[in-house]
Structure formats: C-alpha cells, structure tokens
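Novice: no sequence on this one, just coordinates:
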C-alpha cells in the first residue's frame with residue numbers, strides 16, 4: 001500500500017499491537033487473525049487463558065464457566081424483564097384511558113352545538129306563544145346562534161394560541177353557560193336573541209378548539225379515532241336535548257325557560 005510522505009502505511013498501522021487488548025501470555029493467535037484498534041477506547045477485552053484461536057472461534061464447554069466479564073454479553077434476568085413488561089403494559093393502559101378521558105371532556109364543546117339544536121326545537125313553540133312572535137322573529141331567533149358561531153370560529157384560533165387550548169375551551173364553556181342562563185331568564189325578545197347570539201360565540205369557539213386539542217393530544221396511531229369524538233358528540237347532544245324536552249315539557253307555564261337553562265349542564269362538563 002502506498003502512503004503519503006510522513007505518514008505510516010495502513011498495513012503497518014494494522015500490525016501495531018492494540019493497547020486496548022490485555023493479551024494473555026498463554027494465548028496463541030493464528031497468523032491470519034489481525035487485531036485492529038477498537039473504536040471505543042474504554043473497551044478492554046479480557047481474553048480467556050489457554051484459549052487457542054485457529055480459524056473460527058469455538059469455545060470449549062469447560063471454558064464457558066470462566067467467562068465472567070464480556071462486553072458482548074449482557075446478563076439476562078427474566079424476572080426483571082417480565083416485571084418491566086407488566087409495568088409497561090399497565091402504564092400504556094393508563095395513558096390510553098387518560099387520552100380517551102381528555103378527548104371526551106374536550107368534545108363536550110361540540111356537544112353544546114347539538115344540545116342547542118335539539119333544545120330549541122322543543123322550546124320554540126312555547127317561546128312564540130309567550131312573546132307573541134311572528135314567523136320572521138322566530139326564524140331569526142333560531143338561526144342567530146349559527147350566524148354568531150362564525151365569529152366564534154374566527155377568534156378561537158387566536159385565543160387558543162395566546163392562552164392555550166385548555167384555557168380557550170374553558171372560555172368557550174363559560175360563554176355558552178352565560179348564554180344559556182341568560183336565555184332562560186330573558187324577559188323580552190330582544191334580550192333572548194342577544195343571549196342566544198352570545199351562546200353562538202361559545203359554540204363556534206368550541207367547534208374549532210375541540211378537534212384541535214384532540215389532534216394535538218393523541219398519538220399518530222389514534223389521531224383519527226380521537227378527533228372523531230368532535231362529530232360524534234354533536235350527534236349525542238341532539239338526543240340528549242330531546243330527552244330533556246320530554247322530561248321538562250308541561251312541568252310549568254314557563255317550561256321553555258327550564259329547557260334553555262338546562263344547556264348549562266354540558267357547559268359545566
């Protein structure tokens with residue numbers, strides 16, 4: 001092998017003794033065996049005495065007991081491995097359970113939309129009779145929450161980036177809670193539609209933040225299933241509202257107030 005001036009040829013470097021090997025005086029090495037410098041300077045090999053290396057290495061059975069310290073062998077403890085596996089499985093189940101609880105709790109923001117859509121269907125006729133509303137006024141009151149939810153959707157991203165996902169969800173729930181309570185206590189049509197518009201802002205914020213929070217919280221393998229909680233809880237809120245209408249209808253002349261106030265329950269969740 002040719003080399004540059006002032007450097008040691010590669011063949012000569014390979015023939016140099018390796019300082020990281022503690023050679024035993026009784027060890028016989030075949031001439032075909034070349035010892036190279038280890039990449040790890042902290043690695044010191046302790047070779048077995050009276051071991052002859054001629055061609056492929058075959059360790060005699062009587063010498064296996066003398067191998068006490070080998071950098072290539074790791075002591076195996078099956079009991080510790082089994083305990084580690086059980087602990088990992090328990091921790092994994094706890095993490096999955098925590099993920100589903102967080103996703104279900106955050107998806108309550110989507111439940112508010114479904115609940116409001118269902119609750120207004122049962123409270124609309126009593127409200128028309130109470131305030132003597134025209135068809136146009138009833139239509140405006142019903143659809144006002146949809147119009148103002150657009151505003152909530154626009155501002156939800158900025159609020160979530162500034163305050164965090166959890167804080168933004170809490171703000172959306174508080175807005176919907178205040179709107180539901182205000183609608184139930186409204187004494188005029190103008191007050192009723194104002195509080196309904198305020199509830200729409202909370203609904204719009206919840207519809208944006210809930211899937212965002214679920215997607216960021218879930219791992220890649222479960223992201224699709226957890227983000228689907230958003231749509232699922234919208235459909236869950238509608239039959240819950242129908243059930244509330246069935247239970248509260250006819251309880252009093254102002255039963256529509258109790259129906260609208262019941263919207264505070266999903267906001268508290």
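Specialist: It's in. A quick note: this is a predicted structure, and the numbers were derived from the prediction, not measured.

Novice: so what's residue 196 up against?
Specialist: 141, 144, 145, 179, 183 (Cβ atoms under 8 Å, 6 or more residues apart in numbering). No exception for glycine: its C-beta is placed from N, CA and C like everyone else's.

Novice: which SSE is the fourth one in?
Specialist: To tie it back to what came earlier, the one meant is residue 179. Here residue 179, judged by DSSP states H and E, is contained in helix 165-184.

Novice: packing partners of that helix?
Specialist: Counting contacts by 3 or more Cβ pairs under 8 Å, 6 or more residues apart in numbering; DSSP states H and E, helix 165-184 is packed against helix 108-131, helix 135-163, helix 189-217, helix 255-261, helix 264-268.

Novice: distance to residue 174 and mean pLDDT for those helices - can I get that in a markdown table?
Specialist: Conversion of the helices and strands packed on helix 165-184 to a markdown table gives the following (distance: least, Cβ to Cβ, whole Å; pLDDT from 0 to 100):
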| stretch | distance to residue 174 | mean pLDDT |
| --- | --- | --- |
| helix 108-131 | 11 | 88 |
| helix 135-163 | 12 | 91 |
| helix 189-217 | 8 | 90 |
| helix 255-261 | 15 | 92 |
| helix 264-268 | 7 | 84 |
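
Novice: including distance to residue 102, could these go into JSON lines?
Specialist: Putting the helices and strands packed on helix 165-184 into JSON lines (distance: least, Cβ to Cβ, whole Å) gives the following:
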{"stretch": "helix 108-131", "distance to residue 102": "11"}
{"stretch": "helix 135-163", "distance to residue 102": "15"}
{"stretch": "helix 189-217", "distance to residue 102": "6"}
{"stretch": "helix 255-261", "distance to residue 102": "28"}
{"stretch": "helix 264-268", "distance to residue 102": "17"}
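
Novice: give me the number of residues near residue 255?
Specialist: 16 (other Cβ atoms under 10 Å).

Novice: need the contact list for it.
Specialist: Contacts of residue 255 by Cβ under 8 Å, 6+ apart are 126, 248, 249.

Novice: repeat for residue 154
Specialist: residue 204.

Novice: tell me how far it lies from residue 201.
Specialist: Noted for residue 154: a distance of 10 Å to residue 201, by Cβ to Cβ, to the nearest Å.

Novice: ditto for residue 173
Specialist: Note on residue 173: its distance to residue 201, by Cβ to Cβ, is 12 Å.

Novice: who's more crowded, the two?
Specialist: Legend: neighbour count by other Cβ under 10 Å for residue 173 and residue 201, higher for residue 201 (24 against 21).

Novice: next, the contact list for the more buried one, please.
Specialist: 148, 149, 151, 152, 155, 175, 179.

Novice: now residue 203
Specialist: So residue 203 contacts 112, 113, 116, 145, 149, 152, 172, 176 (Cβ under 8 Å, 6+ apart).

Novice: what would the residues you listed look like in a markdown table with distance to residue 232 and neighbour count?
Specialist: What follows is the contacts of residue 203, written out as a markdown table (distance: Cβ to Cβ, whole Å; neighbours: other Cβ atoms under 10 Å):
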| residue | distance to residue 232 | neighbour count |
| --- | --- | --- |
| 112 | 14 | 30 |
| 113 | 12 | 27 |
| 116 | 17 | 28 |
| 145 | 21 | 26 |
| 149 | 19 | 24 |
| 152 | 21 | 25 |
| 172 | 18 | 28 |
| 176 | 19 | 31 |
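
Novice: from those, pick the one nearest residue 164.
Specialist: The nearest member of the contacts of residue 203 to residue 164, counting by Cβ to Cβ, is residue 172 at 12.7 Å.

Novice: report how many residues lie close to the residue nearest to that closest one when sequence neighbours are not counted.
Specialist: Nearest non-adjacent residue to residue 172, counting by Cβ to Cβ, 6 or more residues apart in numbering: residue 205, 3.8 Å away. Neighbourhood size, residue 205 [other Cβ under 10 Å]: 29.

Novice: how close does residue 205 sit to residue 242?
Specialist: Residue 205 is 25 Å from residue 242, by Cβ to Cβ.

Novice: same deal with residue 200?
Specialist: Residue 200 is 21 Å from residue 242, by Cβ to Cβ.
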